[in-house]
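> Provided below for reference: sequence and predicted model.
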Amino acid sequence: MEKIRKRRFGIIASLVLAALILLGAFWASVTIDKNKTHQDTLARVEKKGQITWGVKADTKLFGLMDTKTAQPAGFEIDLAKAMTAQIAKQTNTKLSAAFVPVSSASRIQLLKNTNIDGLISTMTITPERAKIVDFTNVYFNAGQSLLVKKDSGIQSVKDMNDPKYTVLVVVGTTAAQETKKYAPKAKIIALQDYASAMQALKSGQGQALSTDNAILYGLATENPEYHLVGGVFTKAPYGMAFDHNQKPMTKQANRALKTLQENGTYNRLVEKWFHNVPGLDWHDLEVNK
Ligand code: GLU
């Protein structure tokens, strides 16, 4: 009797154990699947039917908040919309584009936290950044320059190489590091965004604002007493960025960018946003089809 009871107990115990193992395996597969979707940007955007782009909201011509529509507008916003439509076509999925404003300092962290799926935010491809994010091919060629008051007498970045001068830059950009190379004696003050940097320039906290020429052209159109000087002293090729090791997404984005450059969409957007910018010839920005 005792033997039978023991045997029965043994059978029940192994059945319970088997059920637990199966349940465990089921949970593990669900978690792995969830993590995979979390990690794989392309799978994630296809699943939600949307690409959330991190864009600038303080950078005229590229991404600037339109107070009437409460939506950012600019070359990068239009390019992101065209990219989204093209990626949808390529992957045979329905995709819409959503936008989240980012600053130069916050953008990589927001990408890492998956608050956004991709960045199209005047971000220069640099070897340091390429260690932590995946860049697409270049979609815009900029270069660092200086914005100064027209009567300042400052001609180039070399003129700033004096402790009596202060160069204003924006936090999280490549500008401070690059300025130090060309004007090591100048003081540098870093502001949170371009609106406050421009304000600081106007109030005399610095004699020059330095960042990419294309961004400075945008500021100059709104501030006619200021102009760009000295041409460009760096190369700043812009790339869209995805989290690190996101080959499938980056591949789709590169394919989409190539198509938009070949079918004329890219050049149409360049003309739309840059045809009327004093000092800039938009034809120089066109890509050869
Ligand atoms: N392109 C430069 C950079 O990536 C300056 C502009 C910006 O940060 O938005 O740092």
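Here it is on my side, so go on. Numbering: from 1, shown residues only.

> doesn't residue 86 make contact with residue 97?
No. Assessed by C-beta atoms under 8 Å, residue 97 is found out of contact with residue 86, at 11.0 Å. Every residue, glycine included, has its C-beta placed from N, CA and C.

> Show the subsequent helix or strand relative to the strand ranked longest in the chain.
The longest strand of the chain (DSSP state E) is strand 133-142. Helices and strands here follow DSSP states H and E; after strand 133-142, the next one along the chain is strand 144-149.

> hmm, back to that, which residues are common contacts for residue 97 and residue 86?
The contact sets of residue 97 and residue 86 do not overlap (C-beta atoms under 8 Å, 6 or more residues apart in numbering).

> circling back: residues of the longest strand of the chain that come out buried?
133-136, 139-140, 142 (16 or more other C-beta atoms under 10 Å).

> Same check on stretch 235-252?
Buried residues in stretch 235-252, counting neighbours by 16+ other C-beta under 10 Å, are found at 236-243, 246, 249-250, 252.

> Kindly report the same for stretch 201-212.
For stretch 201-212, a neighbour-count test (16+ other C-beta under 10 Å) marks 201, 206-212 as buried.

> now stretch 56-67
56-65.

> returning to what we had before: tell me which of the buried residues of strand 133-142 is nearest to the ligand?
Nearest to the ligand among the buried residues of strand 133-142: residue 142, at 6.3 Å, using C-beta to the nearest ligand atom.

> Can you name the residues that contact the closest residue to that closest one other than its chain neighbours?
Spatial nearest neighbour of residue 142, chain neighbours left out: residue 212 (3.8 Å); criterion: C-beta to C-beta, 6 or more residues apart in numbering. Going by C-beta under 8 Å, 6+ apart, residue 212 touches 122, 124, 142-145, 236.

> Repeat that for residue 62.
So residue 62 contacts 56, 74-76, 121-122, 214-215, 218 (C-beta under 8 Å, 6+ apart).

> next one: residue 254
Contacts of residue 254 by C-beta under 8 Å, 6+ apart are 136-137.

> and the gap between it and the ligand?
For residue 254, the distance to the ligand (C-beta to the nearest ligand atom, to the nearest Å) stands at 19 Å.

> got the angle for the helix or strand that residue falls within vs strand 133-142?
Per DSSP H and E: residue 254 is located in helix 247-262. Orientation of helix 247-262 against strand 133-142 (axes from the mean of the first three to the mean of the last three C-alpha atoms, to 10 degrees) gives an angle of 20 degrees.

> which is the next helix or strand following helix 247-262?
Moving toward the C-terminus from helix 247-262, the next helix or strand (DSSP H and E) is helix 265-274.

> buried sites along that next one?
Neighbour counts using 16+ other C-beta under 10 Å place 265-267, 269-270, 273-274 of helix 265-274 among the buried residues.

> now stretch 183-202
By neighbour count with 16+ other C-beta under 10 Å, stretch 183-202 contains the buried residues 183, 186, 188, 190-191, 193-194, 197-198, 200-201.

> Mind listing residues that contact that stretch?
With contact meaning C-beta under 8 Å, 6+ apart, stretch 183-202 is reached by 58-59, 103-105, 147, 149, 157-158, 160-163, 165-171, 176, 179-180, 205-206, 208-209, 211, 215, 219, 223, 226.

> Return the subset of those lying in helices.
When those are checked against helices (DSSP state H), the matches are 176, 179-180, 215, 219.

> In this protein, where is pLDDT below threshold?
Across the chain, the ranges flagged by pLDDT under 70 are 1-38, 289.

> That one against the ligand: which residues are in contact?
The chain comes close to the ligand at residues 104, 122-124, 173-175, 211-212, 215, 236, as judged by C-beta under 6 Å from any ligand atom.

> pretty sure residue 124 contacts residue 174?
Yes. With contact defined as C-beta under 8 Å, residue 124 counts as touching residue 174 (5.4 Å).

> Quick one: residues contacting residue 118.
Residue 118 is in contact with 41, 51-54, 80, 111, 240-242, 249, 253, counting by C-beta under 8 Å, 6+ apart.
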